[in-house]
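*Asks:* Following is a predicted model, sequence given first.
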Amino acid sequence: MSQVADLSHAPLEELIVCPVCDATYQLQRPKNGERAVCVRCHKVLIAPRRKAGMQIIAVAVAVVVLISAASMLPFLKISAAGRSNSVSIIDAALSFTEGPMLVLALLTAGFILFVPLLRMMLTIYVLVPVVLDRPAARHAVQAFRLSEALRPWSMAEIFALGCAVALVKVADLATVGFGPAFWMFGVLVVLVIVQDSFLCKWSVWNSLEHPKKR
Amino acid sequence: MELSGTSQKTITAREAGLVACTRCARAWPLGTPVCGRCGAKLVSRKENSLQRVWALWIVGLICYFPANLYPMLLTRQLFTETDSTIISGAVDLAHHGAFGIAAIILIASVVIPLGKFWAIAFLAVSVRKQGGIASHRRLLMFEVVEYIGRWSMIDIFVVAILSALVQIKGLVTINPGPAAFFFALSVIFTMLSAQAFDPRMIWDAQDNDNEVPDHG
Ligand SMILES: [Zn+2]
Ligand SMILES: [Zn+2]
């Protein structure tokens, strides 16, 4: 309660405001593995993890490699009556080709390949200097902002469930085989989900503001 | 901020004469135009956001009708040609015994979008009037809308995969129908509509009610 009264005198740097409900708190840094949660709306405000930066970078590199490889290699293959067809993820995204469908093709390719890929590259760009205790990279703020803005539009995991549904639909018509890219994509989805749970946004913003202090 | 589970009375940034950055959680004096840490535009409450929410909501809803009326998949087999809409596609699947998949499609393409339209409208109306259900329930609703809404895109991805994969000329081919285009637009516009909503207004509405202290 005393903290409430103190707020007006506290330096702004020592405050944190819940983005969901506007509750204002005096900054208390949780230890690694602990979480600071908004009492009013229960939003997790800070959730630092030990060596999270390094882990996130490692996962991001793996994801970039996997996406690049998985997008080109054969993904699924069907055969019926002796004839067959195999497609890559790019083929799937670009299957909308006529008229306004082309817009849809570009959006699909963006949601399942380019947005996840771009987000990971931005993450690497922003976090590498932070982890090495170097001054922030040029335009790191804009880069992290873009990465956060793109978060809801990164839909690799939804595409993965879409594959499962598509396979069942096709099962009647033809035999389906999995290409190497299919398995890569499966791993990738797990990595993307792990990645999201490791990243503490507040810690990143804070270290961009005070590069050395962390 | 809760570290050990002790709860305390909270004060909003607006009451403290501050404006919060919703992107990086930094506080600034009221009236500061741009966040000095992350560069986000600072507004105490996105007061005009409701117009944006409604505009995007209406566009999303308009796109939802053709998405259900036009065919989603055009299947050409040896002698037959079937055009299936979202619903008829799911019904077909159920007829073949694939109830689980039919349920996924129905939930992702019908239940989630309709629930989303209802939830966004409900929230947008509820911040304007006093009373009603507790902020926690409304916030939960908002979060569900934000996180689940994207999953509606699954049907578009299914169509994309099927159309690329099932191209065995002379035997069977599957092509996307116009519904795919409208459905994708509908999902995108409702996502934008939910993003335009300012959840802080949910709490203001309750503060005005004076029925607060419980949640401290
Ligand atoms: Zn909160
Ligand atoms: Zn900021």
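*Replies:* Great, that's in hand. Ligands and ions are numbered 1, 2, ... in the order given.
*Asks:* Residue 104: what's it in contact with?
*Replies:* Answering for chain A, as no chain was given. Shown in contact with residue A:104 (Cβ atoms under 8 Å, 6 or more residues apart in numbering or on different chains): A:96, B:156, B:176, B:180-181, B:184. All C-beta spots, glycine's among them, are computed from the backbone N, C-alpha and C.
*Asks:* oops, chain B please
*Replies:* Under the criterion of Cβ under 8 Å, 6+ apart, the neighbours of residue B:104 are A:161, A:165, B:154.
*Asks:* Chain A against ligand 1: which residues are in contact?
*Replies:* Contact residues (Cβ under 5 Å from the ion) of chain A with ligand 1: A:18, A:20-21, A:23, A:38, A:40-41, A:43.
*Asks:* neighbours of residue 140, just the number please.
*Replies:* You didn't pick a chain, so chain A it is. Residue A:140 sits with 21 neighbouring residues when counted by other Cβ atoms under 10 Å in any protein chain shown.
*Asks:* um, chain B though
*Replies:* Residue neighbour count, defined by other Cβ under 10 Å, stands at 13 for residue B:140.
*Asks:* before we move on, what about residue B:33?
*Replies:* The criterion is other Cβ under 10 Å. On that basis, residue B:33 has 9 neighbouring residues.
*Asks:* about what we covered before: next step: the contacts of residue B:104 restricted to helices.
*Replies:* Mapping the contacts of residue B:104 onto helices (DSSP state H) picks out A:161, A:165, B:154.
*Asks:* mind showing which ranges of the chain have poor pLDDT?
*Replies:* With no chain named, the answer covers chain A. Judged by pLDDT under 70, chain A has its weakly predicted residues at A:1-9, A:211-214.
*Asks:* my bad, chain B
*Replies:* When residues are selected by pLDDT under 70, those of chain B lie in B:1-9, B:130-133, B:205-216.
*Asks:* Spell out the residue ranges of the strands in it.
*Replies:* Along chain B, the stretches classed as strands by DSSP state E are B:11-12, B:18-20, B:27-29, B:73-77, B:81-84, B:167-168, B:172-176.
*Asks:* could you dump the ones you listed to JSON lines with distance to ligand 2 and mean neighbour count?
*Replies:* Putting the strands of chain B into JSON lines (distance: least, Cβ to the ion, whole Å; neighbours: other Cβ atoms under 10 Å in any protein chain shown) gives the following:
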{"stretch": "strand B:11-12", "distance to ligand 2": "17", "mean neighbour count": "19"}
{"stretch": "strand B:18-20", "distance to ligand 2": "9", "mean neighbour count": "25"}
{"stretch": "strand B:27-29", "distance to ligand 2": "8", "mean neighbour count": "19"}
{"stretch": "strand B:73-77", "distance to ligand 2": "45", "mean neighbour count": "18"}
{"stretch": "strand B:81-84", "distance to ligand 2": "47", "mean neighbour count": "14"}
{"stretch": "strand B:167-168", "distance to ligand 2": "48", "mean neighbour count": "18"}
{"stretch": "strand B:172-176", "distance to ligand 2": "41", "mean neighbour count": "21"}
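*Asks:* neighbours of the closest residue to residue B:108 other than its chain neighbours, just the number please.
*Replies:* Leaving out its chain neighbours, the residue that sits closest to residue B:108 by Cβ to Cβ, 6 or more residues apart in numbering or on different chains is residue B:154, at 4.7 Å. Neighbour count of residue B:154, defined by other Cβ under 10 Å: 26.
*Asks:* and residue B:154, what is it in contact with?
*Replies:* A:158, A:161-162, A:165, B:104-105, B:108-109.
*Asks:* Recalculate using a threshold of 10 Å.
*Replies:* Taking Cβ atoms under 10 Å, 6 or more residues apart in numbering or on different chains as the contact definition, residue B:154 lies against A:155, A:158-166, B:104-105, B:107-109, B:112, B:187.
*Asks:* which parts of the helix or strand containing residue A:63 are buried?
*Replies:* Residue A:63 belongs to helix A:52-72 when assigned by DSSP states H and E. Neighbour counts over helix A:52-72 (16 or more other Cβ atoms under 10 Å in any protein chain shown) mark A:52-53, A:55-57, A:59-60, A:63-64, A:66-67, A:70-71 as buried.
*Asks:* about what we covered before: export the strands of chain B as JSON lines, with columns for distance to chain A.
*Replies:* Compiled in JSON lines, the strands of chain B are given as follows (distance: least, Cβ to the nearest Cβ, whole Å):
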{"stretch": "strand B:11-12", "distance to chain A": "4"}
{"stretch": "strand B:18-20", "distance to chain A": "3"}
{"stretch": "strand B:27-29", "distance to chain A": "4"}
{"stretch": "strand B:73-77", "distance to chain A": "8"}
{"stretch": "strand B:81-84", "distance to chain A": "10"}
{"stretch": "strand B:167-168", "distance to chain A": "5"}
{"stretch": "strand B:172-176", "distance to chain A": "5"}
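*Asks:* Could you save these as TSV and add columns showing distance to residue A:115?
*Replies:* Below are the strands of chain B laid out as TSV (distance: least, Cβ to Cβ, whole Å):
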stretch	distance to residue A:115
strand B:11-12	34
strand B:18-20	27
strand B:27-29	30
strand B:73-77	25
strand B:81-84	29
strand B:167-168	26
strand B:172-176	21
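*Asks:* Could you dump the ones you listed into JSON lines with distance to ligand 1 added?
*Replies:* Written out in JSON lines, the entries for the strands of chain B read as follows (distance: least, Cβ to the ion, whole Å):
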{"stretch": "strand B:11-12", "distance to ligand 1": "9"}
{"stretch": "strand B:18-20", "distance to ligand 1": "10"}
{"stretch": "strand B:27-29", "distance to ligand 1": "14"}
{"stretch": "strand B:73-77", "distance to ligand 1": "44"}
{"stretch": "strand B:81-84", "distance to ligand 1": "45"}
{"stretch": "strand B:167-168", "distance to ligand 1": "51"}
{"stretch": "strand B:172-176", "distance to ligand 1": "42"}
